[in-house]
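Asks: sequence and predicted structure below; questions after.
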Amino acid sequence: PSSTTTMATRAQKAACAWGRLCLLLSLLLQLPGSQAKCYFQAKAPCEYEGKQFSLGESWLSTNCLLCTCLHPIGVGCCETTQHPIDFPDWCEAHYDAQTCQISVVQKANPSLPCVKSVEHEWGSAGTPEPLS
């Protein structure tokens with residue numbers, strides 16, 4: 001092959017690799033919850049629980065990671081749950097692996113949601129809500 005054809009082939013392969021990288025970044029950034037942690041596994045197979053996935057296809061793993069096939073460069077996965085970080089000390093976060101959801105409940109009675117009440121102040125460092 002001529003040097004022009006070889007250069008064109010190399011340019012096409014480089015553009016394809018950059019295109020896949022851009023696809024990965026766009027997929028990871030489109031996930032709900034911008035604070036989600038994302039992971040990339042180079043050369044990981046696009047397979048989960050015996051099923052093969054093609055470029056761009058996604059699946060939800062049992063540990064609530066949304067993974068996307070980026071064949072042949074690997075697999076990108078992001079957490080689907082949003083982790084609460086600012087809630088009163090009389091509450092705690094409960095994780096439900098079946099629904100991939102986290103809820104904030106009362107420590108004294110985990111069957112009740114964590115809500116503001118007369119006896120409990122809500123907000124960072126016990127600061128009251130601003131008056132409207």
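Replies: Looks like it arrived, so ask away. Numbers count the residues shown, from 1 in each chain.

Asks: what is the neighbour count of the closest residue to E47 other than its chain neighbours?
Replies: Spatial nearest neighbour of E47, chain neighbours left out: F53 (6.9 Å); criterion: CB to CB, 6 or more residues apart in numbering. The C-beta positions use only the backbone N, C-alpha and C, and glycine is treated the same way. Other residues lying near F53 total 17 when counted by other CB atoms under 10 Å.

Asks: ok, F53 - contacts?
Replies: F53 makes contact with C46, E47, W59, C69, H71 under the criterion CB atoms under 8 Å, 6 or more residues apart in numbering.

Asks: so which of the residues you listed wins on neighbours?
Replies: Comparing the contacts of F53 on neighbour count, C69 comes out first with 22 neighbours (neighbours: other CB under 10 Å).

Asks: before we move on, back to that, same list, the contacts of F53, but as CSV with pLDDT and secondary structure please.
Replies: Formatted as CSV, the contacts of F53 follow (pLDDT from 0 to 100; DSSP: H, G, I helix; E, B strand; the rest coil):
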residue, pLDDT, secondary structure
C46, 95, coil
E47, 95, strand
W59, 94, strand
C69, 94, strand
H71, 88, coil
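
Asks: correct me, but T81 touches S103?
Replies: No. The pair T81 / S103 is not scored as a contact, 10.6 Å apart, by CB atoms under 8 Å.

Asks: lowest-confidence helix or strand of this protein?
Replies: When the helices and strands of the chain are scored by mean pLDDT, DSSP states H and E, helix 3-29 comes last with a mean of 53.
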